[in-house]
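Participant: I would like to see how this sequence folds:
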Amino acid sequence: MATSAAVPSARQSRPGLKRDIGFVGLIWASEGSIIGSGWLFGAQGALSTAGPAAIISWVIGGTAILILALVHAELGGMYPVSGGTARFPHYAFGGAAGASFGWFSWLQAATVAPIEVLAMITYGQHYSFASGWLKTKNGQHILTASGIVVAVLLMAAVTAINFLSIRLLARTNSVATWWKVGIPLLTIFALAVVQFHGSNFTAADGFNPYGAKGILSAVSTSGIIFALLGFEQADQLAGESSNPRRDIPRAVIGSIVIGAVIYILLQIVFIAALPKDQIQGTWAHAAYTTMTGPFAQVATLLSMGWLATILYIDAVVSPGGTGLIYITGSSRVSYGLSRNGYVPSVFERTNKRGVPWVGLITAFIIGCICFLPFPSWRSLVGLITSASVLMYAGAPLSLGVFRRRLPTAHRPYRLPGATWLSPLAFVVANLLILWSGWMTDWKLGVAILLGYVILIANRVFKLNPIMPQLDLRAAQWLPAYLVGMGLIVYLSDFGPLKHPWFPLWWDMLVTAVFSLVIYFWALAVALPAEQIQRMVDQVVLPEEANLG
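Facilitator: Sure, this is the predicted structure:
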C-alpha cells in the first residue's frame, strides 16, 4: 500500500524506541500481565459460577488461550514491531480492518490498569483507613468519591513509573513478577498442606451443579479468560526486544503455560481449603461468595495470619505490576497505530529515554475516566474480556493470510499444523465471545462504535500525514463478522431471549460454522502478496534496522 508520506521514522522529533529487552524481560512482561488481580478473585468467581467443575473451566480457558498464543508466537517472530497485535491485521487486510483491530487492541490494553487499581482498593478494605473508599450497591463494592481520588492517584503512580527507560522498566517489572509468581506458588503449597478436604469437591449442591452452561459461562464471565490475558505483551514490546525473532515465540508460549498451571492449582486448593461453614447451601450463594479478599480471608479462617499478611501485600504488588505493564503496552499500541496512520502522529513522540509519552498520558486519562461508568472490579472485567478475545481474533486471520500469500517468508518459529490450527483459533476466539453473553457483548458494541468515530475524525481532520488506504474490498467481511456475531449471541442460549433460536450446543455449532465462513472469506479477499510485502518493508524493516 502506498502512503502519502515518507517512512514514519523519518519524522520523529526525538529518538525512537530502544531495543533493550532480553528474553527474561519479555517472558516476565507477559507473565506479569497474566498474574495480576485475576488470581486474587478468579477462583472465587469461577467456583460460584460453575461449582467445583470450575476446574474444567480453567482447563478449557487455558487450552483456548494457548491455541491463540501459538498463533501469536509465529506472528511475533515474523514481524517484531511495537504494538504487534494492533498491526498484523493491517498488513493482511489494509486500512479498514487494521484500524478496527487496532482499536480493539488499544481498548483492551488501556482498560486493564484501572481494573487492577480497583482490585488493590477492594482488597484494601481489610485496613480501616480504606473503609471509606468503597460502598456496597446492588451486591457490588463500588468506589465512593474519596475512592475515586485514591484510584486516580494510584493510576498516576503506575503511569509515572513508565517514564523510566524501557530497560529500567523491564527490570522493575521482572523483580515484581518474581514476587507475583512466587506468592501464588507459596499459597498453593501452604493451603494444600494445612487443609485439603477432598469432600469439598462434592459438597453444597454437587461437583457440577450448573451443567455445561455453567462450565462454559465461567470461562468468559467469571474472570478465567481475564486472568489468562497478557501473553501478548511480549508481542507489544517486540519493537524493543534485543533478539525478537528468537525470544518472542518462547516468551509467548512459556508465559501462558506457566500461568495456566498456576491458576488450575489455585482453583483446586481454594475449593479444598474452604471451611465447611463457608460452603453450606449452594455454590452460587454460599458464605464464601461475600469475601472481598478471598485467599487472604481463607488464610485467616485457617489461622494462617502470616500468609494472610503476605497476601494483603501481594494485593498491591500483583495488580500494581499488571497495571504497570498494561500502561506500557497501551502506549506502544498507540505508537503502532500512529505509524500506520490511524491516530494522530503525536503518539509517535518519544522522550530522550525512548518512551512514547503521549500514549502514556492518554492511557492515564482514559483509565481514570473508566472509574466513572465502571466503579467496581466485576463491572469492568466482562468488557475487557470481550475486547481482548475480539483483538485476538485478528491474529489467526492474519496468520492464515501470511501463510497463503507469503509462504516463503522467514519464520523463526513455524507453528506446526497452522493450516488447521489457525481457523481453529478463530473459532475459539468467537466461542469465547459467545460465552461472554449478550449483557457484556452489547457494551462492547458501543465501545466499537466509539472507536470508529475517533478513527474517522483522525482521517477527516488529517491529524496524521500518513493516509492509509482503506482497502474496503479486503475488509468486506468485517461488517458481516461483527454484526453476525452480535446476532448469534443475541439469539443464543447466552442471550436475553427466554426461548433462544439457538439452544445450548447448537449455538456453538452455529458459531463454529459462521467463524469458518468468515475465516475463508477473509483469506479469499485479503491483500495481494506484493502489497503486503510493501507495507511490511515500509514499517518492519526500519524498526529492525537497530537490532544490532
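
Participant: Next, please give the residue ranges for the helices of the stretch 151-300 of the chain.
Facilitator: Using DSSP state H, counting those that start in this stretch, the helices of the stretch 151-300 of the chain run over residues 166-194, 211-221, 224-228, 233-236, 244-273, 294-301.

Participant: Check which helices and strands the second one is in contact with.
Facilitator: Using 3 or more C-beta pairs under 8 Å, 6 or more residues apart in numbering; DSSP states H and E as the contact criterion, the secondary-structure elements in contact with helix 211-221 are helix 37-50, helix 54-78, helix 377-392, helix 418-436. Bear in mind the C-beta positions are built from the backbone N, C-alpha and C, glycine included.

Participant: ok, now the last one?
Facilitator: Identification of packing neighbours for helix 294-301 by 3+ C-beta pairs under 8 Å, 6+ apart yields helix 37-50, helix 166-194, helix 244-273, helix 305-339.

Participant: mean pLDDT for those helices: which is lowest?
Facilitator: With a mean of 79, helix 166-194 has the lowest mean pLDDT of the helices and strands packed on helix 294-301.

Participant: so what's the residue most central in space within the chain up against?
Facilitator: Nearest to the geometric centre of the chain sits L229, at 3.9 Å (C-alpha atoms, centre = their mean). L229 sits next to 33-34, 38, 65, 108, 112, 384-385, 388 when contact means C-beta atoms under 8 Å, 6 or more residues apart in numbering.

Participant: do you know which of the helices and strands packed on helix 294-301 lies nearest D441?
Facilitator: Closest to D441 of the helices and strands packed on helix 294-301, according to C-beta to C-beta: helix 37-50, at 17.3 Å.

Participant: follow-up on the earlier one: make CSV out of the contacts of L229 and add distance to G259 and neighbour count.
Facilitator: Output for those, formatted as CSV (distance: C-beta to C-beta, whole Å; neighbours: other C-beta atoms under 10 Å):
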residue, distance to G259, neighbour count
S33, 9, 33
I34, 4, 26
G38, 9, 29
I65, 8, 28
Q108, 17, 27
V112, 15, 31
I384, 16, 26
T385, 15, 28
S388, 14, 28
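
Participant: and the two most separated of those?
Facilitator: The most widely separated members of the contacts of L229 are I65 and V112, with 15.3 Å between them, by C-beta to C-beta.

Participant: which of the helices of the stretch 151-300 of the chain sits most buried?
Facilitator: Ranked by average neighbour count under the criterion mean count of other C-beta atoms under 10 Å, those are headed by helix 233-236 at a mean of 34.

Participant: quick one: stretch 68-76 to chain centroid distance?
Facilitator: 14 Å (C-alpha atoms, centre = their mean, to the nearest Å).

Participant: That should have said stretch 30-48, apologies.
Facilitator: On C-alpha atoms, centre = their mean, the centre of stretch 30-48 falls 12 Å from that of its chain.

Participant: related to what we said a few turns ago, if you average pLDDT over each of the helices and strands packed on helix 211-221, which is lowest?
Facilitator: The bottom spot among those, by mean pLDDT, belongs to helix 377-392, with a mean of 81.

Participant: Which neighbouring elements make contact with the next helix or strand after it?
Facilitator: Sequence order places helix 394-405 as the next helix or strand after helix 377-392, per DSSP states H and E. In this structure, helix 394-405 packs against helix 54-78, helix 88-93, helix 95-123, helix 418-436, helix 506-525, helix 529-544, with contacts taken as 3+ C-beta pairs under 8 Å, 6+ apart.
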